[in-house]
Structures are given as C-alpha cells and as structure tokens.
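In: need a structure here:
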Amino acid sequence: MIRFLTTFLLFIFITNCSFDKHSGFWTKDKKVEREKQKIIKVLFEDKRTLETEFNPGLKINLKAKLINNSFINNFDNNNGRINYNGNLKSVSRFKFSKIDNFDLFEPEIIFSNNNVIFFDTKGSILKFDNSSKLIWKKNYYSKTEKKLKPILFFANNKDTLVVVDSISKFYAMDINTGELLWSKNNSAHFNSQVKVYKDKFFAIDSKNVLRCYSIKDGSEIWKIKTERALIKSTKKLSLLIVDNIVYFNNSIGDVTAVDIDNGELLWLTPTQTSEVYGQSFFTKSSNLVANNNSIFLSNNENGFFSLDIKTGILNWKQNINSTLTPTLVDNLIFTITMEGFLVVIDRRQGNIIRITDIFKQFKKKKRSKIKPVGFILGSENIYLTTSHGRLMIIDVTLGRTISMLKIDNDKISRPFVLNQNLYIIKENSIIRLN
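Out: Here you go, the predicted model:
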C-alpha cells in the first residue's frame, strides 16, 4: 500500500507538456564546435548491472550492406547499418516554442521522400524540403485543443500522413498538400509508435489497447485489449509488422502477436514478473526490433530478451540494462547500457562478445547524471546522443569514443538520418548537421 501511494503521488505531480509563446525558423548553417576528446570467452552469468569492459581489444569488422532511407516506412524497427558518414561540420536549427517535460516524450521526425515533417507548439504540422524550405504548414485543432498542447505521432505511406496524438485525436492528411482527409476521436489518448500497412494503420492507446483503423476513413476495423496497469507508464510503446502479423508491447512489459487481418491473438509473452506490475510507471522498455525470426527488446530492469517470432518462446535473456533501441547488423546486436557501456551480442545464442566503456572520459560524479538517449550505426561510426546534449562519435571497429560534439546543455533526441543530413530534436528546435 505504501509503495502504491508513493507511486500515485509521483504520478500526480508529473505535468503534461507545455510550450512557451516563441516561434522561429531555420537559421543559417554555422560551424560546429567539436569538444576536445581524450582517446582513451562468454561472459559470466551475473544479475548485477554491467560495470566492466569485456574483450575491449576485440576488433569488429562489419560486412553488412549499407542501408539508405532507414527511417522511411520501417516495419521492423531495425535501422541496420545506415549509409551515413557525415562530416558534422555545420549546423542549422528550426526553432519552435519550448516543450516542457521533454524528457517524458519521444517525438520523432518523419521523412517523406526527401522531405522532413514535424510539429510545433500548437499542433501545427510543418513540411520542409531537404534544403529546409517550408513547403506547407497546417493546423486542424480548435482553440481549446491548442491549449492542451498535443504531442503528435506520425506514420505515412506514399500519399497519406496519419497522425495520432496525446489528446485522443487521430486524423489523416494528404501528404503532398497537407489537406485534411478525415478526423476522429478515441476514448483514450495515444502514446505509441504508429505503423501504416496497406489499407490499415495501427496505434496503441493509454489503456494498452492496440487499435486497427482504416486509412481510408479512420473507421475502427478491430481492437485487442491487454492487461491495464494501475498507473499509466510515460514510456512510448512500440509495435512492428512482419509477415502479416502485428507485434506490440504494453506498459507492463507484455509482448503480444496479433493477426493483422482480424485481430486474433496469436501469442502473449510477459517479460516482467507479477511483483513489478504495480511499478510499471517506472519500467521502461526499448522499441521492439525484429530480425531473422526473432524479436529483441530490453528494459531498465536489467533484462535483454530474444523471443521466437512465431511462438513468443524465450530464446535467451541477458542481464543488460538499456531502454535504447538496439541495432542488428549481420549476426550481431549493438546496444548501449544506461551506464554508458557499448555492448555487442551474438544474435543467435545471446553471448556477449565485447563490452567497451564509452563514458570513460566523464568524471565519476558527472557520469552518474549522464544517460544515453539513442544511437544509430553508420558506415564506420556509431552516433550516440546523451541526456546532457552531446553527440558522441564512437568507432565501430574498436568500440572507442573518438570525438564528441556539444549540441546543447539539456536532453536531445536520438539521431535521425535523411541522405547525408543528421537530425536531432531538442525541447525547442530541430537541429540539422551535415
């Protein structure tokens, strides 16, 4: 009872996001200041958090084909080895009103061909071309809805942009013109990835209900309910689509497989024990990632899981503490722990191959306050963002941090890549590096 009351009070004091009254535009490119940077068997089965390096001298040479457009219509959430090796010599910003409690949300940029789509303080949706010229700006919220400061989540196909939001609204737009096609309301707000597949789209609401809608008119085709947590988690939920099956996680850590045509439950696998269900507000999981007949995910409860994609049966589990989306390349998994260790895992057996300390250069007191936010794996380097506004460049072969850029002093989003531009979101702007 005491634990429940403590959790409930914490929940009460967390506020919804809000914005200030300033707006902006893309700045001119300017040079990036690079911070000075010091270059600095099977693992035992241990339930403690990883805090030491393992095989740090092991070189890893990737042979996987480079992927273009890794962030466009990505059904399996695996960005792979991205065809990116940016110079990171100049930076420009598009400014918008500040998002309060930016830490609680994971807004994402969406790409359509060579265009960038995002939203601003009052729910206006903006579409830019690759040179940052504004193509259109549209807003379909009432005055009352604008005051609620909705957070928007996107998905698209060639012709249609689907939007679901944090105030229970969902709608579709012509992606070329920005014109509204239809608009509806749900019984609960959304906080999940959105996927468009053929004539349907999918999103998870705050009641742990996966909903399947028609992209044509927004009518509900089917829905499937999973167990509700007593207190809603603030972590954005994840879903993926493989071979006509939708897979998703809920706020208490269950992973569920559903037939895409009729919503029939195929399997459900819990990743948390019943003892932690009441603490689901504090449990945060990575996005689900699918690769070669397996689903991978990790959480901040020291669990990294591989599940059989057909049955949901556990393939293996490792004691890795991470909420970051892993990347799979060849037969290797790359992830980064919340303590700042880059971990490389054998995809098939789950054996840890190498651990390197990429936060080694931070002093102990400062290090405890810094958390990794998200990363991508480029052609030669890993690009990692942090909670104190840095972009770290890490050599894939040796797993060592080779340089670091100061983007801001506060939390920034994971990197997104379109062509040879790298985009990062912060609380009041989109940042483009090239």
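In: backbone phi and psi for residue 266, please?
Out: phi -100, psi -40 (degrees, to the nearest 10).
In: burial of it, as a residue count?
Out: 14 (other Cβ atoms under 10 Å). Glycine gets a C-beta too; all of them are placed from N, C-alpha and C.
In: So it versus residue 244, what's the distance?
Out: Distance check for residue 266 against residue 244: by Cβ to Cβ, to the nearest Å, it reads 11 Å.
In: joint contacts of these two?
Out: residue 259 (Cβ atoms under 8 Å, 6 or more residues apart in numbering).
In: SS state for residue 256?
Out: Put simply, residue 256 is strand when judged by DSSP: H, G, I helix; E, B strand; the rest coil.
In: give the contact list for the nearest residue to residue 26 once chain neighbours are set aside.
Out: Closest residue to residue 26 apart from its sequence neighbours, by Cβ to Cβ, 6 or more residues apart in numbering: residue 132 at 4.3 Å. Contacts for residue 132 (Cβ under 8 Å, 6+ apart) come out as 26, 92, 94, 116, 432.
In: So for these, which is the shakiest by pLDDT?
Out: Lowest pLDDT within these is found at residue 26 (74).
In: What residues are bridge-paired with it?
Out: Residue 26 has these beta-bridge partners by DSSP bridges: residue 94.
In: neighbours around it, how many?
Out: Neighbours of residue 26 (other Cβ under 10 Å): 17.
In: Was I right to think it contacts residue 92?
Out: Yes: if you go by Cβ atoms under 8 Å, residue 26 and residue 92 touch, sitting 5.6 Å apart.
In: residues shared between the contacts of these two?
Out: With Cβ under 8 Å, 6+ apart, residue 26 and residue 92 have common neighbours 132, 432.
In: Farthest-apart pair in the contacts of residue 132, please.
Out: Within those, 92 and 116 form the most distant pair, 12.1 Å apart (Cβ to Cβ).
In: Settle it for me: which of the two has more neighbours?
Out: Each of residue 92 and residue 116 has its neighbours counted (other Cβ under 10 Å); residue 116 has more, 22 against 17.
In: Spell out, range by range, the helices that occur in the stretch 51-200 of the chain.
Out: 143-147 (DSSP state H, counting those that start in this stretch).
In: likewise the stretch 251-400 of the chain?
Out: Using DSSP H, counting those that start in this stretch, helices in the stretch 251-400 of the chain cover 364-367.
In: Quick one: low-confidence residue ranges for it.
Out: 274-281 (pLDDT under 70).
In: Repeat the analysis, applying 90 as the threshold.
Out: 251-253, 272-284, 364-365 (pLDDT under 90).
In: Wait, residue 326 touches residue 286, no?
Out: Yes: judged on Cβ under 8 Å, residue 326 makes contact with residue 286 at a distance of 6.4 Å.
In: Can you check which residues contact both of those two?
Out: In contact with both residue 326 and residue 286: 297, 298, 335, using Cβ under 8 Å, 6+ apart.
In: Out of those residues, which end up buried?
Out: Among the shared contacts of residue 326 and residue 286, those classed as buried by 16 or more other Cβ atoms under 10 Å are 297, 298, 335.
In: Can you tell me, leaving aside adjacent residues, what's nearest to the second one?
Out: Sequence neighbours aside, residue 304 is the residue nearest to residue 298 in space, at 4.1 Å (criterion: Cβ to Cβ, 6+ apart).
In: number of nearby residues for that neighbour?
Out: Residue 304 has 24 nearby residues by other Cβ under 10 Å.
In: before we move on, the earlier item: got the buried ones among the shared contacts of residue 326 and residue 286 as a markdown table, with distance to residue 369 columns?
Out: Formatted as a markdown table, those follow (distance: Cβ to Cβ, whole Å):
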| residue | distance to residue 369 |
| --- | --- |
| 297 | 26 |
| 298 | 22 |
| 335 | 21 |
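In: for those, which one is nearest residue 352?
Out: Of these, the one sitting nearest to residue 352 (Cβ to Cβ) turns out to be residue 335, at 10.4 Å.
In: quick one: contacts for that closest one?
Out: 286, 298, 304, 320, 322, 324, 326, 327, 342, 343, 345.
In: Distance of it relative to residue 324?
Out: Counting by Cβ to Cβ, the gap from residue 335 to residue 324 is 6 Å.
In: okay, and the common contacts of the two?
Out: With Cβ under 8 Å, 6+ apart as the test, residue 335 and residue 324 both reach 286, 298.
In: circling back to that earlier point, now, which of the buried ones among the shared contacts of residue 326 and residue 286 sits nearest residue 183?
Out: Nearest to residue 183 among those, with distances taken as Cβ to Cβ, is residue 297, at 32.8 Å.
In: Thought residue 290 was touching the closest one, still the case?
Out: No: the criterion here is Cβ under 8 Å, and residue 297 misses it with residue 290 at 10.1 Å.
In: Neighbours of the residue nearest to residue 93 when sequence neighbours are not counted, how many?
Out: Distances taken as Cβ to Cβ, 6+ apart place residue 429 nearest to residue 93, at 4.4 Å, with adjacent residues excluded. Using other Cβ under 10 Å, residue 429 is surrounded by 19 other residues.
In: count of neighbours near the closest residue to residue 179 other than its chain neighbours?
Out: Among residues not flanking residue 179 along the chain, residue 173 sits closest, at 6.5 Å (Cβ to Cβ, 6+ apart). Residues near residue 173, counting by other Cβ under 10 Å, number 25.
In: what does residue 214 give?
Out: Residue 214 has 14 neighbouring residues, counting by other Cβ under 10 Å.
In: And residue 181, by the same measure?
Out: A count of nearby residues for residue 181, using other Cβ under 10 Å, gives 17.
In: so how far is residue 140 from it?
Out: Residue 181 is 10 Å from residue 140, by Cβ to Cβ.
In: Now do the shared contacts for these two.
Out: In contact with both residue 181 and residue 140: 171, 173, using Cβ under 8 Å, 6+ apart.
In: Which of the shared contacts of residue 326 and residue 286 sits closest to residue 161?
Out: Nearest member of those to residue 161, counting by Cβ to Cβ, is residue 297, at 27.5 Å.
In: ok, now which ones touch the closest one?
Out: 238, 249, 255, 271, 285-289, 304-305, 307, 326.
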